[in-house]
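Pasting the sequence and the predicted coordinates here, then a few questions.
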Amino acid sequence: MSAPALPLARPANPPRDMASLGAEQAKGGASPLVTLTGVSKEYQNGITALARLDLLVRTGDFLSLLGPSGCGKSTALRLIAGLEPATSGRIEWTGSPASGRPSIGFVFQDPTLMPWASVESNVFLPLRLAGWSFRDALPRIEEALALVGLPDFKKAMPRELSGGMKMRVSIARALVTRPSLLLMDEPFAALDEITRFKLNDDLMRLKQEMGCTVIFVTHSIYESAYLSTRIAVMAARPGRIIAEIGVDAALPREEHFRRESAYLDACAKAADALHGAMDATDHM
Ligand SMILES: Nc1ncnc2c1ncn2[C@@H]1O[C@H](COP(=O)(O)OP(=O)(O)O)[C@@H](O)[C@H]1O
Ligand SMILES: [Mg+2]
């Protein structure tokens, strides 16, 4: 079954004008959402996953964390989500609600659907855990499935879905709480390239409809350049940010963006930064 296109109707939140947000950001005007200052993470086995990380994420950003395996991308995302504590440093929220962590949706590389449960039951899960009844949650579930282009698959079982559709369900499950911050950990890494391109396009449209901020982990230079307003390039041993690259083009972008200078420049800068970091450490 081919993956249906994302509809542009039914925003979950009042949509913000992303073009004006982008312009605001270009002037450095968008408000900070979360600031990481000197954040380090040392695991009990002695591995320093992150060393003195500084990172500012602004409202409306599509920020990619780009780097090779083991450079601490997932760790950074888990710390931002509050799933585990930093060993040292500060993570400060400055958006709304004032100084609190905003509502967060988390999408993992594996769709992690419950195989015995229907699509609607899978998407219901975060609201069920929050104490909602299914009847109250149903409009939210339908809204989330419409946002990811699967309005007619409520009753389907995960085994009936393609890899791309399973990932759409996983994204719907993250959206059902109407998060203002979406954290995505290599969500499309296991998909074939054509499906991945399609989901990239749909994700940009979805971000625009939701008016949310996205932090997106990837090890693909091309994916980060296509999707992001900013790329934080990371290196391993210890995990750190070695370059920040702005991609100056409004979202959502389309296929022809892959031939434009803003995209090609971002790819070249990211590749240079990664090569530089690899040369500085021993080769993996
Ligand atoms: N729970 C953990 N316990 C011990 N070491 C870990 C744990 N999670 C990650 N690591 C180590 O921390 C480093 C960074 O891991 P991770 O954040 O998963 O990197 P990435 O997502 O960039 O591949 C790696 O060396 C990894 O082996
Ligand atoms: Mg990872």
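Thanks, I have the structure now. Ligands and ions are numbered 1, 2, ... in the order given.

okay but residue 201 is in contact with residue 257, surely?
No - here residue 201 lies out of contact with residue 257, judged by C-beta atoms under 8 Å, at a distance of 10.1 Å. The C-beta positions use only the backbone N, C-alpha and C, and glycine is treated the same way.

Flag every residue of the chain that's near ligand 1.
By C-beta under 6 Å from any ligand atom, the part of the chain that sits against ligand 1 consists of 43, 45, 47, 49, 67, 69-75, 239.

For ChimeraX, what selects the buried ones among these?
Remark: buried members of the residues of the chain next to ligand 1, expressed as a ChimeraX selection using 16 or more other C-beta atoms under 10 Å:
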select :49,67,71,72,73,74,75,239
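
what's the most distant pair in the residues of the chain next to ligand 1?
The span of the residues of the chain next to ligand 1, defined through C-beta to C-beta, is set by 45 and 67 at 20.5 Å.

still on that earlier bit, mind putting the residues of the chain next to ligand 1 into JSON lines with secondary structure and pLDDT?
Formatted as JSON lines, the residues of the chain next to ligand 1 follow (DSSP: H, G, I helix; E, B strand; the rest coil; pLDDT from 0 to 100):
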{"residue": "43", "secondary structure": "coil", "pLDDT": "96"}
{"residue": "45", "secondary structure": "coil", "pLDDT": "93"}
{"residue": "47", "secondary structure": "coil", "pLDDT": "93"}
{"residue": "49", "secondary structure": "strand", "pLDDT": "96"}
{"residue": "67", "secondary structure": "coil", "pLDDT": "95"}
{"residue": "69", "secondary structure": "coil", "pLDDT": "93"}
{"residue": "70", "secondary structure": "coil", "pLDDT": "93"}
{"residue": "71", "secondary structure": "coil", "pLDDT": "95"}
{"residue": "72", "secondary structure": "coil", "pLDDT": "96"}
{"residue": "73", "secondary structure": "helix", "pLDDT": "97"}
{"residue": "74", "secondary structure": "helix", "pLDDT": "97"}
{"residue": "75", "secondary structure": "helix", "pLDDT": "97"}
{"residue": "239", "secondary structure": "coil", "pLDDT": "94"}
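
can you tell me which residues contact the residue of the stretch 151-284 of the chain found nearest ligand 1?
Residue nearest to ligand 1 within the stretch 151-284 of the chain (C-beta to the nearest ligand atom): residue 239, separated by 5.7 Å. The contact partners of residue 239, by C-beta atoms under 8 Å, 6 or more residues apart in numbering, come to 41, 48-51, 53, 67, 70-73, 75-76.

so what pLDDT did residue 256 get?
pLDDT, residue 256: 95.

Quick check, residue 175 in contact with residue 209.
No - in this structure residue 175 lies outside contact range of residue 209 using C-beta under 8 Å: 10.0 Å.

quick one, which of these two is more surrounded?
With neighbours defined as other C-beta atoms under 10 Å, residue 175 and residue 209 compare such that residue 175 has more, 25 against 22.

The residue lying closest to that one once chain neighbours are set aside and residue 221, how far apart?
What sits nearest to residue 175 in space, not counting adjacent residues and going by C-beta to C-beta, 6 or more residues apart in numbering, is residue 144, at 4.5 Å. To residue 221, residue 144 is 31 Å away according to C-beta to C-beta, to the nearest Å.

which of these two has more neighbours?
residue 144 (30 against 20).

so which strand or helix has residue 106?
strand 104-107 (DSSP states H and E).

name the helices or strands packed onto that strand?
helix 73-81, helix 163-175, strand 181-185 (3 or more C-beta pairs under 8 Å, 6 or more residues apart in numbering; DSSP states H and E).
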